[in-house]
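Enquirer: Got a sequence here, can you model it:
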Amino acid sequence: MRLSRAGEYAVRCILYLSQQGQGVLVTRKAVADDMDIPHQFLSKIAQQLARAGLIEIVQGARGGFRLALPPDQISLLDALEAVIGEIYLNDCILRPDSCHRSPHCTVHQVWQTAVHDLRQTLKSARFSDLIQNTCQSADHPKQKGD
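Expert: Numbers count the residues shown, from 1 in each chain. Take a look at the predicted model:
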């Protein structure tokens, strides 16, 4: 399993807006340039994040994006699933009826556990914690030999 570019860019966008603070309007150009997100791709991702209620889009010459919720109410799971849909590892997890072996398949049980654990990990990772950790990392750069 590999995270898509859309998912990665969604996380970068929310992380950047979280660093600015809830309700702070930031230009599209600033988000795209500072977070290395292609401008056209950012517009598409922002629409999906807005539909999910995570950000607000302000149109016009003085427009841009702002966080719709406090960073402690947004998880990595929220950001990712807003643009890539529900996370699953195998079709039998998303649609158990797609495989007649699912009810008694031991591999299916492993997939279910893995998906559950991954979702819980991503759900517990709040952007407020991520920005706090980013600030701490910036305050304490690694020394040579660390």
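
Enquirer: how close does the most centrally placed residue in the chain get to Ile37?
Expert: Using Cα atoms, centre = their mean, the residue of the chain that lies closest to the mean C-alpha position is Ala79, 2.9 Å off. Ala79 sits 13 Å away from Ile37, going by Cβ to Cβ, to the nearest Å. (Each C-beta comes from the backbone N, C-alpha and C, glycine too.)

Enquirer: who touches both of those two?
Expert: Cys13 (Cβ atoms under 8 Å, 6 or more residues apart in numbering).

Enquirer: where exactly do the strands run in the protein?
Expert: Ranges of strands in the chain, per DSSP state E, are 55-58, 64-67.

Enquirer: deepest of the ones you listed, which one?
Expert: Neighbour counts (mean count of other Cβ atoms under 10 Å) averaged over each of the strands of the chain peak at strand 64-67, with a mean of 22.

Enquirer: Help me confirm that Arg12 comes into contact with Asp36.
Expert: Yes. Using Cβ atoms under 8 Å, Arg12 is in contact with Asp36, at 7.5 Å.

Enquirer: more neighbours, those two?
Expert: Arg12 (19 against 8; other Cβ atoms under 10 Å).

Enquirer: what's the nearest residue to that one if we skip its chain neighbours?
Expert: Met35 (4.1 Å; Cβ to Cβ, 6 or more residues apart in numbering).

Enquirer: check contacts around the one you found.
Expert: 9, 12-13, 15-16.

Enquirer: thinking again about what came up before, columns distance to Tyr88 and mean pLDDT on top of the strands of the chain, output as JSON lines?
Expert: As requested, the strands of the chain are exported to JSON lines (distance: least, Cβ to Cβ, whole Å; pLDDT from 0 to 100):
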{"stretch": "strand 55-58", "distance to Tyr88": "25", "mean pLDDT": "96"}
{"stretch": "strand 64-67", "distance to Tyr88": "28", "mean pLDDT": "96"}
